[in-house]
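1. Need a 3D model of the following:
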Amino acid sequence: MARQNRFYKNESTHPRLLVGGMYTVKQLSIITGVHVNTVYGRLGRGNRNSVILDKHLVDTRELQVWPVLESKADKLSAEWLNRRLVQ
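-> Model prediction:
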């Protein structure tokens, strides 16, 4: 007997998804460009009443939590931390 696909109801504001539309994880991955395993991990196994929210479809490559090496002191510290202890 074939395994049934799980469908998730869309409640996000993603421009390429229909509000109230039902999608599988594979379809979401293709439409949004987020990797299949990432979408599956964010949605979890879910049940038949699972919904897709905006937080599930955020591409991590677009996020920057904090600026790296934001000041001269940070850059200088990074230079010293990268040096070998024994030469």
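2. Could you list the buried residues of the longest helix belonging to the chain?
-> Assignment by DSSP state H gives helix 72-81 as the longest helix of the chain. For helix 72-81, a neighbour-count test (16 or more other Cβ atoms under 10 Å) marks nothing as buried. Every residue, glycine included, has its C-beta placed from N, CA and C.
3. Pull the distance from that helix to the chain's centre.
-> How far helix 72-81 lies from its chain's middle: 31 Å, per Cα atoms, centre = their mean, to the nearest Å.
4. What average pLDDT does that helix get?
-> Mean pLDDT, helix 72-81: 87.
5. Would you work out how far apart the start and end of stretch 10-29 are?
-> 13 Å (Cα to Cα, to the nearest Å).
6. coming back round to it: for the longest helix of the chain, output the C-alpha coordinates as CSV.
-> Only the C-alpha atoms of helix 72-81 are listed here, as CSV (Å, rounded to 0.1, in the frame of the first residue of the first chain):
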residue,chain,number,x,y,z
LYS,A,72,38.0,48.2,14.6
ALA,A,73,38.5,46.6,18.0
ASP,A,74,36.7,43.5,16.8
LYS,A,75,38.9,43.3,13.8
LEU,A,76,42.1,43.7,15.9
SER,A,77,40.9,41.1,18.3
ALA,A,78,40.2,38.7,15.5
GLU,A,79,43.7,39.2,14.1
TRP,A,80,45.3,38.3,17.5
LEU,A,81,43.0,35.3,18.1
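7. Begin at 27, not 1, for the rest of this chat.
-> All set: I'll call the first residue 27, so the last point we hit is now helix 98-107.
8. For it, enumerate the helices and strands it packs against.
-> Under the contact definition 3 or more Cβ pairs under 8 Å, 6 or more residues apart in numbering; DSSP states H and E, helix 98-107 sits against no other helix or strand.
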